[in-house]
Every structure is written in C-alpha cells, then in structure tokens.
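Colleague: sequence and predicted structure below; questions after.
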Amino acid sequence: AIEGILSPIELQSDPIYQRLGRTGDNRVNAIKNLYLEESFKEVKDHLNTFVTKLVENEDHQLNTDEAAKRALIKKIEDNKAAVLLGVTYLNRYYGVKFDNFNIKELMLFKPDFYGKNVSVLDRLIEIGSKEDYIKGSRTQESFREVVAKNTLSGNLH
C-alpha cells in the first residue's frame with residue numbers, strides 16, 4: 001500500500017511543486033536547481049527496500065494493530081511528497097560509506113542511534129517539507145536546524 005502511494009510521484013510533479021510552494025512559471029527550474037534528479041531516481045529505483053525499512057523502523061505494531069497501520073498509511077498519503085524529498089535529500093548528501101557500511105542507513109532509519117526517541121517518518125516529513133532544508137547550498141544549516149536536534153551534535157564539525 002505504501003509503495004503504491006509513493007511510486008507515482010515524480011520529482012517534477014504537482015505534489016512536489018505544491019509541497020515546496022513552487023507553483024509559478026519557474027517551478028521546473030527551481031526543482032532542477034536542487035540537483036536531486038539522480039538521488040530521486042535512485043530512491044524510486046529502490047522504493048521497495050526503502051518502504052520495508054521505513055515500516056520496520058516506525059514505532060507501530062503494524063502486524064497486529066489495524067488502526068496504527070491505517071494511521072501510518074494516511075500520514076504517508078498526506079505527506080508523500082515530503083517523505084520522498086526527505087529520503088532523496090538524505091540519500092544525496094549523507095551517502096557516505098565506511099568500509100561496507102553506509103552512514104545513510106543511520107541517517108535514514110536509525111535516528112535513535114544517538115539516544116533520542118525519534119520517529120523516522122516525522123523526521124523525513126520535516127526535512128522534505130521545506131525547500132530551504134533540501135538545498136545543497138544549505139546543507140550545514142539544514143543539519144543544524146533539522147538533523148542535529150535528534151543528535152548530540154549541534155553542527156557538522
């Protein structure tokens with residue numbers, strides 16, 4: 001169900017434009033200037049893996065609680081563009097590998113690694129909800145404003 005909600009969304013589409021408040025004539029160029037095309041394609045190509053990990057890491061008893069499952073699906077439906085943008089941003093800027101481990105896995109699916117109880121979904125929605133958070137030129141500010149509040153570090157240094 002979740003994959004079916006996210007898979008129709010394209011980077012250059014109305015849900016993305018609306019989420020970022022880009023509904024004018026310059027919307028296509030504004031999205032191009034985020035330089036997320038390759039990362040978005042990679043996310044879409046591996047959507048099944050992403051959805052599986054997202055569901056596994058959400059704090060819901062999805063196997064037994066139908067109400068929680070419906071609530072999760074509704075939250076994703078209501079925020080599908082932000083979820084995809086959040087994943088795309090983290091995939092693009094935090095795809096750092098150490099030996100065989102990619103730090104992106106921690107950033108995407110284990111924000112509680114730093115000892116704080118964090119909803120993976122809420123974090124992705126927050127990151128993907130504002131154009132300023134996903135601009136490459138603002139990566140350090142985005143880390144400080146969004147990501148760092150769930151870590152023990154206030155910046156990238």
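Modeller: That came through fine. Residues are numbered from 1 along each chain as shown.
Colleague: pLDDT value on the residue nearest to G136 when sequence neighbours are not counted, please?
Modeller: Spatial nearest neighbour of G136, excluding adjacent residues (C-beta to C-beta, 6 or more residues apart in numbering): Y35 at 5.8 Å. In this view, the C-beta of every residue, glycine as well, is placed from N, C-alpha and C. Y35 carries a pLDDT value of 95.
Colleague: Y35 reaches K135, doesn't it?
Modeller: No - with contact defined as C-beta atoms under 8 Å, Y35 does not reach K135; the gap is 9.0 Å.
Colleague: between those two, who's got more neighbours?
Modeller: K135 (16 against 13; other C-beta atoms under 10 Å).
Colleague: by contact count, what packs against the helix or strand harbouring E56?
Modeller: Using DSSP states H and E, E56 sits within helix 47-57. Under the contact definition 3 or more C-beta pairs under 8 Å, 6 or more residues apart in numbering; DSSP states H and E, helix 47-57 sits against helix 2-6, helix 103-109, helix 120-128.
Colleague: alright, that wraps it up for me.
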